[in-house]
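>>> prediction below, plus the sequence it came from.
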Amino acid sequence: MNKDLTQGPVIRSMLRFAVPMILGNLLQQCYNIADTLIVSWYLGPDALAAVGSSFTLMTFLTSILLGLCMGSGAVFSIRFGRRDEAGLRESARASFVLIAGLTVALNLAAFLCLDGIRLFLRVSDGAIWALMREYLAVIFWGIAATFLYNYFACFLRAIGDSVTPLLFLAVSAVLNIALDLWFVLGLGRGVAGAAEATVISQYVSGLGLGAVALVRCPVLRPRRGDGPVRWARVREIASFSLLTCVQQSVMNLGILMVQGLVNSFGDTVMAAFAAAVKIDAFAYMPVQDFGNAFSTFIAQNYGAGKRDRIRAGLRGAVLTATVFSLAVSALVWIFAPQLMALFVEAEETAIIREGVRYLRIEGAFYYGIGLLFLLYGLYRALGRPGMSVALTVISLGARVVLAYLLSAVPAFGVAGIWWSVPIGWFMADLTGVLYYLKRKQRLLPDQISESSEKMVSSPR
């Protein structure tokens with residue numbers, strides 16, 4: 001199932017590679033929505049607000065691991081494009097050691113800082129915090145499983161296999177929903193039951209995908225005579241992974257800071273945001289996955305030295321992302337009330353009204369985030385993860401600053417938080433496009449193969 005993205009029709013190759021990734025994350029979002037529905041319908045608004053805020057926190061924590069794995073995936077893709085099997089093997093070992101160690105440290109920090117989270121998120125010491133703490137005390141045990149799944153998924157996708165991660169994600173999502181219903185309704189485990197269902201499903205997908213990857217990919221298996229991981233390889237992986245990790249972390253730290261501001265406006269806004277953000281993530285998830293597929297396409301062709309194919313892929317990707325984003329914006333704008341009604345009972349009119357306002361402000365500008373995902377993928381694949389970080393800082397920095405400033409203006413209020421999002425997107429888009437136009441020749445030189453060799457050079 002490995003796919004060589006350096007051959008065949010450009011757009012068709014990207015789309016065929018992207019579709020399993022999109023389907024997989026749509027399944028993941030379906031699970032998240034099902035989880036939210038179960039919690040909202042059977043455990044009430046307080047549980048919805050608690051699990052929604054916990055979801056934002058977990059997204060931040062797991063984004064650290066996802067960023068590390070995505071950065072490693074860029075190295076894997078370049079080496080696969082160059083047909084450098086020995087380098088791919090060493091990079092895979094170095095990446096696993098580095099990210100596994102950081103996973104252990106992150107997990108310990110999460111448990112040690114559990115009680116300090118309430119102050120950071122500005123959650124009052126009441127019923128909602130009690131539910132949040134109960135949920136987080138269980139869900140933190142799944143951090144290691146998140147590492148396993150994302151590491152092996154990024155490796156397989158880097159060598160062109162986006163189908164196998166999809167299959168395990170599908171199994172995990174279905175299992176998660178079944179366990180949610182059993183633990184929450186059948187066993188009466190409350191929010192802890194929802195967390196337990198998630199953790200079990202995460203380990204099923206992480207361990208299962210790892211086992212299949214080891215069977216199918218000999219390059220991943222330990223061999224007799226393997227020496228210690230070379231420090232040069234760790235540095236190489238770190239140069240890609242840590243910056244991508246910073247990018248993902250900054251992105252979600254900004255969202256987490258906004259979550260704290262949202263929480264300060266009370267339970268109604270908190271519940272509306274918890275529901276609307278799930279719809280939001282579902283709506284633009286496909287274009288985010290397309291951006292990741294685009295990044296793999298660029299990295300493989302960069303390793304293979306195919307400059308013209310990269311440029312053709314860039315033009316086609318922008319067109320594809322634009323058409324999709326505009327279509328989704330129209331659908332979210334039209335059906336915002338019906339989408340909110342899926343999560344909130346009809347009599348909760350204030351929650352529905354605020355959620356609809358969020359969706360119609362932010363959802364009208366999905367083109368901005370679609371282009372931004374492509375820019376992230378482009379710079380990561382071309383060995384410029386620092387530029388991806390810069391764009392993230394611009395986007396999220398503007399969002400956080402404007403959210404606090406505009407929400408303090410009576411004419412905006414809570415709506416100021418919602419308007420800050422698309423403004424941040426377009427500021428980052430403008431920066432990323434201007435940088436590409438100014439540095440295009442340096443980013444895509446005539447002799448790409450020599451440039452990619454220097455970018456991921458073999459240790460001496």
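Great, that's in hand.

>>> report the central residue of the protein.
The centre of the chain sits closest to Ser63, judged by Cα atoms, centre = their mean, with a distance of 6.2 Å.

>>> the stretch 201-350 of the chain: strands as residue ranges?
Counting by DSSP state E, counting those that start in this stretch, the stretch 201-350 of the chain yields no residue ranges for strands.

>>> quick one: low-confidence residue ranges for it.
Residues of the stretch 201-350 of the chain meeting the criterion pLDDT under 70: 224-227, 240, 247-253, 255-256.

>>> torsion angles phi and psi at the residue nearest to the centre of the chain?
phi -70, psi -30 (degrees, to the nearest 10).

>>> go on, the one 4 residues further on?
Main-chain dihedrals, Gly67, degrees, to the nearest 10: phi -60, psi -40.

>>> burial count for it?
29 (other Cβ atoms under 10 Å). Quick note: C-beta positions are derived from backbone N, CA and C, even for glycine.

>>> do the same with Thr392
By other Cβ under 10 Å, the residues close to Thr392 number 25.

>>> again with the one 3 residues further on
Applying other Cβ under 10 Å, we find 27 other residues in the vicinity of Ser395.

>>> quick one: it and Leu371 touch, right?
No: under the criterion of Cβ atoms under 8 Å, Ser395 is not in contact with Leu371, lying 11.2 Å apart.

>>> re the thing from before, the residue nearest to the centre of the chain and Thr392, how far apart?
11 Å (Cβ to Cβ, to the nearest Å).

>>> what of Ser72?
From Ser72 to Thr392 the distance is 18 Å (Cβ to Cβ).

>>> kindly report the same for Leu444.
Leu444 is 22 Å from Thr392, by Cβ to Cβ.

>>> what's the answer for Arg309, then?
27 Å.

>>> from the chain's centre, how far out does stretch 218-236 sit?
28 Å (Cα atoms, centre = their mean, to the nearest Å).

>>> what is the burial count for Leu5?
Neighbours of Leu5 (other Cβ under 10 Å): 26.

>>> run through who's touching whichever strand or helix holds Leu391.
In the assignment (DSSP states H and E), Leu391 maps to helix 385-407. Applying Cβ atoms under 8 Å, 6 or more residues apart in numbering, the contact partners of helix 385-407 are 71, 74, 239-240, 243-244, 246-248, 250-251, 253-255, 257-258, 261, 265, 372, 375-376, 379-380, 412-417, 419-421, 423-425, 427-428, 431-432, 435.

>>> where along the stretch 101-250 of the chain do the helices fall?
117-121, 127-139, 143-158, 163-180, 190-216, 231-263 (DSSP state H, counting those that start in this stretch).

>>> nearest to Met58, out of these?
Closest approach to Met58 among the helices of the stretch 101-250 of the chain (Cβ to Cβ): helix 127-139, 6.0 Å.

>>> who are the packing partners of that closest one?
Helix 127-139 is packed against helix 45-82, helix 117-121, helix 190-216, with contacts defined by 3 or more Cβ pairs under 8 Å, 6 or more residues apart in numbering; DSSP states H and E.

>>> out of those, which comes closest to Thr322?
helix 45-82 (23.4 Å).

>>> chain center to that closest one, what's the gap?
So, by Cα atoms, centre = their mean, the centroid of helix 45-82 is 5 Å from its chain's centroid.

>>> just want the angle from that helix to helix 190-216.
Using axes from the mean of the first three to the mean of the last three Cα atoms, to 10 degrees, the direction of helix 45-82 lies 10 degrees away from that of helix 190-216.

>>> quick one: mean pLDDT over helix 45-82.
The average pLDDT within helix 45-82 is 76.

>>> in that helix, what's buried?
By neighbour count with 16 or more other Cβ atoms under 10 Å, helix 45-82 contains the buried residues 45-82.

>>> what of stretch 381-394?
381-385, 387-394.

>>> with stretch 305-316 instead?
305-307, 309-310, 313-314, 316.

>>> again, but for stretch 331-351
Applying 16+ other Cβ under 10 Å to stretch 331-351 flags 332, 336, 339-341, 343-344, 348, 351 as buried.

>>> that stretch: end-to-end distance?
20 Å (Cα to Cα, to the nearest Å).

>>> need the contact partners of that stretch.
33, 36-37, 40, 45, 48, 268, 271-272, 275-276, 278-279, 283, 352, 355-356, 359-360, 363-364, 366.

>>> pull the distance from it to the chain's centre.
25 Å.

>>> Thr6 and Arg353, how far apart?
51 Å.

>>> pick out whichever of these two has more residues nearby.
Between Thr6 and Arg353, counted using other Cβ under 10 Å, the more crowded position is Thr6 (18 against 14).

>>> the closest residue to the more buried one other than its chain neighbours and Gln7: what is the separation?
Of all residues not flanking Thr6 in the chain, Ala304 sits nearest, at 4.4 Å (Cβ to Cβ, 6 or more residues apart in numbering). Here Ala304 is placed at a distance of 9 Å from Gln7 (Cβ to Cβ).

>>> for Pro286, same thing?
Distance from Pro286 to Gln7, by Cβ to Cβ: 25 Å.

>>> neighbour count winner among these two?
Taking other Cβ under 10 Å, Pro286 and Gln7 do not tie; Pro286 has more neighbours (22 against 12).

>>> surely that one is in contact with Leu26?
Yes: here Pro286 reaches Leu26: they are 6.9 Å apart, a contact under Cβ under 8 Å.

>>> all the helices of the stretch 251-400 of the chain, in order from the start?
Under DSSP H, counting those that start in this stretch, the stretch 251-400 of the chain gives helices at 267-304, 307-341, 349-362, 366-381, 385-407.

>>> all set now, cheers.
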